[in-house]
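[1] I'd like to go over a predicted model; first the sequence, then the structure.
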4 protein chains.
Amino acid sequence: MAGTKYAYVKKFELADVLLPGTFMVLRLDGHGFHRFSQDHDFAKPNDERALQLMDRAASDVMAEFKDIVLAFGESDEYSFLFKKSSTLYNRRHAKILTTVTSLFTSSYVMHWSEYFPSTRLSSLPSFDGRIIIYPSTREVRDYFSWRQADTHINNLYNTTFWALVQQGGQTTAQAHETLRGTVSKTKHEILFSQFGVNYNDVAERYRKGSVLVREPLTMEDEEDERKKQKPKLYSTITMHHCDIIEDRFWTARPHLLE
Amino acid sequence: MAGTKYAYVKKFELADVLLPGTFMVLRLDGHGFHRFSQDHDFAKPNDERALQLMDRAASDVMAEFKDIVLAFGESDEYSFLFKKSSTLYNRRHAKILTTVTSLFTSSYVMHWSEYFPSTRLSSLPSFDGRIIIYPSTREVRDYFSWRQADTHINNLYNTTFWALVQQGGQTTAQAHETLRGTVSKTKHEILFSQFGVNYNDVAERYRKGSVLVREPLTMEDEEDERKKQKPKLYSTITMHHCDIIEDRFWTARPHLLE
Amino acid sequence: MAGTKYAYVKKFELADVLLPGTFMVLRLDGHGFHRFSQDHDFAKPNDERALQLMDRAASDVMAEFKDIVLAFGESDEYSFLFKKSSTLYNRRHAKILTTVTSLFTSSYVMHWSEYFPSTRLSSLPSFDGRIIIYPSTREVRDYFSWRQADTHINNLYNTTFWALVQQGGQTTAQAHETLRGTVSKTKHEILFSQFGVNYNDVAERYRKGSVLVREPLTMEDEEDERKKQKPKLYSTITMHHCDIIEDRFWTARPHLLE
Amino acid sequence: MAGTKYAYVKKFELADVLLPGTFMVLRLDGHGFHRFSQDHDFAKPNDERALQLMDRAASDVMAEFKDIVLAFGESDEYSFLFKKSSTLYNRRHAKILTTVTSLFTSSYVMHWSEYFPSTRLSSLPSFDGRIIIYPSTREVRDYFSWRQADTHINNLYNTTFWALVQQGGQTTAQAHETLRGTVSKTKHEILFSQFGVNYNDVAERYRKGSVLVREPLTMEDEEDERKKQKPKLYSTITMHHCDIIEDRFWTARPHLLE
């Protein structure tokens, strides 16, 4: 058969199975989004539409990959947690990594016009991804704490920075200078004393990021679904903008770390 | 600083550098495209628009990643060859793999409506990708021969199969039965005797696939560019539907395998 | 400087760090020991001297690598458990794997004549090794249960087999035939009824394998050491031939799985 | 069957195949040999016996592993080149790495007393190993050039250093100070003017290291072997202390890089 003599090149495709019994976290980051956000006039410090579009793409990913039980998004990044027992694609690294990255990108572009009805896509948005393996729940908890702490730090800085620029009349260079070396408390004070902004009143979406959770459906829910003659669902995805550093979020959802 | 105590989780991001001095081939495959092509009424055995859209996405990838010197596409797959000396992203596996996969997907969705003006995207197209490392030019040549031989085998089968169905009135089950175990010559004969089709007259795009080549610009070309006050270009991308199994294609372009 | 122009070849030595926060189990297996044991007249079914020599080599390994907290040996294999928090050689795979394998081999050859005073080494004993990563205590427990269950299965078979041959006058082919498809109970009965052997009276070393444990020294022990003006020790290694499948062994030594 | 429920732990043993079509170079280094050489009174700057013992162990490795076509040794390190087409152990990384390391160690210890008849082994010699993958002959050549250039640099330094100490009466600190920042020419002059030593007369083993080559046997050789009723040999191993940086060595032995 034609082609047979070339088929040996398949032997160079080596196995890339991820360690069983571990938590996979897949993180996507906008590629060159500093430039992309300028080109498409994202509002500063946060663009509600852009964040909602990220959430939409993440929801589409979770709808497709049932083994993802949790996702956390901020700015132009999103992290997805797979359940420990996942055997998706036999845990092949490249396969999992690329299908998720590709689906997220696909959704982001496809739904762009819904969230930016008056802004044409003038360049191609893209995302890079990686999978990190965590052996225990402690590290998974700390990973998500790390991302949410990062959200807080960045948002407090950016909120203060853009207040100084947009309302305070500073140049961006001056605003950087004003904030150099300041602690959180100082930024809170600048916001409050100069701009009348109580940081705690800033939208939770901006301060906490987006948390997508796969919630198992209760029996009653399933009953309802059946009556409506719809295909049976076993889980639903809910969105929150809440603290995931403290224990409360996790103890209420023990299935996430099982 | 908040977040510092969680930063240890970064240590779990292990290095994933690809062996230097080797050829990277990145292959993308449509994910679930059997279903996707049915949902969007792709013409059988080949949908010109769909192939052109693949070529467009591949071109966008090559425009962005200058280290890709060659690409070959057929059906819902595309393979990209990086030059041996590439140090893109310090040859980090996940970074290269995901940015290319994501950009391709982004372009595919963004340009969909140009190629399918009257067909709305009703589901999310996505692609999976992998990188295969080849140590020598022999294996690179054989890899692309393998893909083009595959193009030929599939297209001859599909062309005959759909002629039997669309023109010959067979069911798909009957057509499969008719072709079971047949050699190439038999399929050529069926096409010619029953449907008056000389297979060699079938469009080269379908028989040979698409070949995208990065061609270095000559001095004269650069001169022209400069006069037009455009940013200087060092290469241009050309498309071909030609044989890449024989030596001729490669000996005319020694830079591809340098 | 001479040699500088060649130093780029070091770039091909890629990082091979093992995932942090996991248990490393390093297992060594005698290479071609079926032949080696025949060449050196090992007693059947068990050679006390050979097992003691394995234990000696394992002890030397544990004396050198303080991060190994447990080892289990049977026949010509030995498994070593590293504590989860080990940062030995920054968890570089090849470095850990080869230094342990080499030290074990070195000790085995060096101490051969102590255990086989009248048998000259006529060929080179060698061992192959591998490191397996386990994310949780459950898998570590099950790994060692797997090895000890294997010890039991093999020893019961071999004990019965060699009784049939050595005392029962069967050929090895006949003995294999006698035992084909038999369950444990049948082997126990053969041993008891035909050879008067109560399997439970067989030496624990043969039935349970060898268990080497790093035990932390108590304060009193350290006090004693100090009085004798010896270098301070923080742990000591003890040998056991006991059950490690049940919980008892582990609950008495919580430090092993910390 | 007992043990079956634990066998899942085998799934954690992931594939570790080395890229086909590449040259494997396995390098062993003495572990803690600075101390080991002092404990066993190795002569300075070179100990002929120790080098010969290294060569012996390397020869034993090459006698066992027919896919090793070349080895280069200096000081307490040895590098082994596998032929590109090797499929030893299906190119499994840990298996190849550990069996070679173990066999080398075994031979080193077993033959110690032949080379050091009056020096008892007072501590365990051991070696660490790594495998480096090279895609082309250029890099293989440069790898061995790198090691031999290193041999030259170290030996010139050490020869001069120990002449200053042993014959010149300097302390080691003084000798280090004398040589700090000196170029090769200066060291040659010190050796010649102060100690009457023409460096080029130093034994080639010290200046060039040891080169072990697998030479294919010619037909005539095979004929001879057959007459002697010995098992047929297809290759023999020869030792050289010659230049392997220039082309000459390699062009005379094209089979090494095939």
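    Ah, there it is. Numbers count the residues shown, from 1 in each chain, chains lettered A, B, ... in the order given.
[2] Which residues are in contact with A:His111?
    A:53, A:56-57 (CB atoms under 8 Å, 6 or more residues apart in numbering or on different chains). Placement of C-beta: from N, CA and C, glycine included.
[3] And A:Asn158, by the same measure?
    A:44-46.
[4] try 10 Å this time
    Applying CB atoms under 10 Å, 6 or more residues apart in numbering or on different chains to A:Asn158 gives the contacts A:44-46, A:75, A:206.
[5] quick check, nearest of those to D:Val100?
    A:Ser75 (49.9 Å; CB to CB).
[6] thinking again about what came up before, save the contacts of A:Asn158 as a markdown table, and put in secondary structure too.
    Converted to a markdown table, the contacts of A:Asn158 look like this (DSSP: H, G, I helix; E, B strand; the rest coil):
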| residue | secondary structure |
| --- | --- |
| A:Lys44 | coil |
| A:Pro45 | coil |
| A:Asn46 | coil |
| A:Ser75 | coil |
| A:Tyr206 | helix |
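[7] PyMOL command for the buried members of those residues?
    A single PyMOL command selects the buried members of the contacts of A:Asn158 (16 or more other CB atoms under 10 Å in any protein chain shown):
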select buried, chain A and resi 45+46+75+206
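[8] Out of the contacts of A:Asn158, the closest to chain D would be?
    Comparing the contacts of A:Asn158 against chain D with CB to the nearest CB places A:Ser75 closest, at 34.6 Å.
[9] Of the contacts of A:His111, which are in range of chain B?
    Among those, the ones lying near chain B by CB under 10 Å from any CB of the partner chain are A:Ala57.
[10] Please flag which of the contacts of A:His111 sit within helices.
    Using DSSP state H, the members of the contacts of A:His111 that fall in helices are A:53, A:56-57.
[11] hmm, back to that, let's have the contacts of A:Asn158 in CSV, adding distance to chain C and pLDDT.
    Listed next are these as CSV, based on distance: CB to the nearest CB, whole Å; pLDDT from 0 to 100:
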residue, distance to chain C, pLDDT
A:Lys44, 38, 95
A:Pro45, 35, 96
A:Asn46, 34, 97
A:Ser75, 27, 97
A:Tyr206, 33, 98
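[12] gap between A:Leu257 and chain B?
    Noted for A:Leu257: a distance of 15 Å to chain B, by CB to the nearest CB, to the nearest Å.
[13] Leaving out sequence neighbours, find the closest residue to that residue.
    A:Thr137 (4.4 Å; CB to CB, 6 or more residues apart in numbering or on different chains).
[14] for A:Trp112, same thing?
    Computed as CB to CB, 6+ apart, the closest residue to A:Trp112 that is not its neighbour in sequence is A:Leu121, at 5.5 Å.
[15] Pretty sure the one you found sits in a strand.
    No: A:Leu121: not assigned to a strand; according to three-state DSSP it is coil.
[16] Double-check it against B:Met110; I have them as touching.
    Yes: the criterion here is CB atoms under 10 Å, and A:Leu121 meets it with B:Met110 at 5.9 Å.
[17] which neighbours do the two share?
    Joint contacts of A:Leu121 and B:Met110 (CB under 10 Å, 6+ apart) are A:109, A:112.
[18] now the strands for the stretch 1-150 of chain A?
    Taking DSSP state E, counting those that start in this stretch as the criterion, the stretch 1-150 of chain A contains strands spanning A:23-30, A:68-74, A:77-82, A:127-134.
[19] Select, out of those strands, the one closest to chain D.
    Closest approach to chain D among those is made by strand A:127-134 (11.8 Å; CB to the nearest CB).
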